[in-house]
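Asks: Got a predicted structure here, sequence first:
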Amino acid sequence: MVRELFVKAQEYKKKIDKAGTDTAKMPERDLRMESLVEVLTGKRVVHFHTHKANDVLTAIRLGQEFGFKPVLHHVSEGWKVAKEIAAAGLASSIITIDAPGGKMEAMGLSLTTGAELEKAGAAVGFHTDDGITDSRFFLRSAALMVRAGMSPQKAMEGLTLAGAKMLDLGSRVGSLDKGKDADFIILSGDPFSVYTRVEQTWVEGIKRWDIQRPADKAFLTGGYDVYSPIRGEFHHHGDEEQ
């Protein structure tokens, strides 16, 4: 099905190229084809949802056939095809779950995927699919990969710059460099230790969260209705709204 759509996009692009500046010869506008033509011309990045090794290999083949480089998501069985991913020059954003479940495609997930991709020379990032793995456990996702053999250096890169590059945002975020957006957190210790906590969160150079502020700390520790995303306000142990 994917291949069929890309073939149609190729044909659509040929008609546009052939028409040139002659608007009368332009094909009828097709928004779905327009987005796929952007993929074919390198203007749009494709993020491919994959789990099983054969799905990963299919994504690689499609990219090679139609001339684009997808970013691979999840890659639960990436440990099986790490060399193929690296040989294709593709980046992977991987997910860590505590136990298998949910669907058969993810049953082959292994915490060694990060180490195997690193060993093969492929770029590795992390994501949580918040709701599958709570985003507050984002640092732990990389820590589990480190425990399974990934280097702390590559794991830290996977939490920061690697993901920014996959989103084509490496020039704005992902590292502490002059001219970037100044989005960062201050931690109390080793990023991969379960005893480490976030002390401060800064966004675009402005401190947005500080554990020393009572309302912020309440949001950290939780509790019933401590924060209402609908009202956009904090409730702190019976005090007035803050």
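Replies: Thanks, I have it.

Asks: which other helices and strands contact the longest helix anywhere in the chain?
Replies: Of all the segments of type helix in the chain, defined by DSSP state H, the longest one is helix 2-19. Judged by 3 or more CB pairs under 8 Å, 6 or more residues apart in numbering; DSSP states H and E, helix 2-19 is in contact with helix 31-40, helix 53-66. C-beta here means a position set from N, CA and C on the backbone, and glycine is covered the same way.

Asks: Please state the offset of the shortest one from the chain centre?
Replies: Spelled out, it's helix 31-40. 22 Å (CA atoms, centre = their mean, to the nearest Å).

Asks: any residues touching that helix, and which ones?
Replies: Contact with helix 31-40 is made by 5-6, 8-10, 12-13, 16, 44, 46, 66-68, as judged by CB atoms under 8 Å, 6 or more residues apart in numbering.

Asks: ok, back up a step: what about the longest helix of the chain, average pLDDT?
Replies: Averaging pLDDT along helix 2-19 gives 95.

Asks: now that helix against helix 31-40, angle please.
Replies: Inter-element angle recorded for helix 2-19 and helix 31-40: 90 degrees (by axes from the mean of the first three to the mean of the last three CA atoms, to 10 degrees).

Asks: Could you pull out the helices in this structure for me?
Replies: In the chain, the helices defined using DSSP H lie at 2-19, 31-40, 53-66, 82-87, 113-120, 138-147, 152-159, 161-166, 214-221.

Asks: Could you pull out the buried residues of the fourth one?
Replies: Right, helix 82-87. 82, 84-86 (16 or more other CB atoms under 10 Å).

Asks: could these go into TSV alongside pLDDT and distance to Ala164?
Replies: Formatted as TSV, the buried residues of helix 82-87 follow (pLDDT from 0 to 100; distance: CB to CB, whole Å):
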residue	pLDDT	distance to Ala164
Ala82	98	22
Glu84	98	25
Ile85	98	19
Ala86	98	20
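
Asks: The closest residue in space to Ala148 that isn't next to it in sequence: neighbour count?
Replies: Nearest-residue entry for Ala148: Leu111, 3.8 Å, with adjacent residues in sequence omitted and distances by CB to CB, 6 or more residues apart in numbering. Using other CB atoms under 10 Å, Leu111 has 18 neighbouring residues.

Asks: same check, this time on Asp30
Replies: 13.

Asks: can you check Met107 too?
Replies: Per other CB under 10 Å, the neighbour tally for Met107 reads 13.

Asks: what do you get for Ala182?
Replies: Neighbours of Ala182 using other CB under 10 Å come to 14.

Asks: what's the closest non-adjacent residue to it?
Replies: Nearest residue to Ala182 in three dimensions, chain neighbours excluded: Gly205, at 3.9 Å (CB to CB, 6+ apart).
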